[in-house]
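**Student:** Got a sequence here, can you model it:
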Amino acid sequence: MPAGSTRAAVCNGILPQLRALTDRMTAIGADRGASAADIATAWAIAKGTTPIIGVTKAAHLDGLVRAHRIKLAGDETAELEELADAADVDTRGSWEHAMWQRVRPGPGHRPRPQPPAGGGSPPVLGGGWVFV
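**Tutor:** Purely as a prediction, here's the structure:
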């Protein structure tokens, strides 16, 4: 991120911790003609979430279409999860922490809805937010 920017202040210090994860997403994407960002979005979709992506350029839409078509293998998803856990980085913004509390497991927790077998859209969580 550009030095002196707000994003740099927040992100540049944690980028080295994310290197193994981002390198693996880049490698998975290279095998599919997709970017690491496409793989990250496909991973979020595979986890049963609906990612909210800021689209500011037409090319971003192309990436979303690619990501929607990517079906990660179970071992790829598991590897990305392991790398993310190993990175031990919380990338949520300060404003997200309060919302995150709404979906954290607590008393009476029910498992998060999963996408239907064979594809399709996952059920919508009632009144909650899901962040990846």
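**Student:** Helices of this protein, start to end?
**Tutor:** 6-11, 15-32, 36-46, 58-69, 74-87, 94-100 (DSSP state H).
**Student:** Please identify the deepest-packed of those helices.
**Tutor:** Most buried of these, by mean neighbour count (mean count of other C-beta atoms under 10 Å): helix 36-46, with a mean of 21. Any C-beta I mention is one placed from the backbone N, CA and C, and that applies to glycine too.
**Student:** can you give me the mean pLDDT across that helix?
**Tutor:** Averaged across helix 36-46, pLDDT comes to 91.
**Student:** Which neighbouring elements make contact with it?
**Tutor:** When contacts are defined as 3 or more C-beta pairs under 8 Å, 6 or more residues apart in numbering; DSSP states H and E, helix 36-46 packs onto helix 15-32, helix 58-69, helix 74-87.
**Student:** Please give me every residue in contact with E79.
**Tutor:** Listed by C-beta atoms under 8 Å, 6 or more residues apart in numbering, the contact set of E79 reads R24.
**Student:** A46 versus that one, what's the distance?
**Tutor:** 12 Å (C-beta to C-beta, to the nearest Å).
**Student:** need the helix or strand of the chain with the lowest average pLDDT.
**Tutor:** helix 94-100 (a mean of 63; mean pLDDT, DSSP states H and E).
**Student:** between the helices of the chain, which one is nearest to I52?
**Tutor:** In terms of C-beta to C-beta, the element of these nearest to I52 is helix 36-46, at 9.7 Å.
**Student:** now that closest one and helix 15-32, what's the angle there?
**Tutor:** 90 degrees (axes from the mean of the first three to the mean of the last three C-alpha atoms, to 10 degrees).
**Student:** what residues does helix 36-46 touch?
**Tutor:** 22, 25-26, 28-29, 32, 34, 51, 53, 63-64, 66-68, 70-72, 77, 80, 115, 132.
**Student:** hang on, isn't H60 packed against I53?
**Tutor:** Yes - between H60 and I53 there is a contact under C-beta atoms under 8 Å: 6.9 Å.
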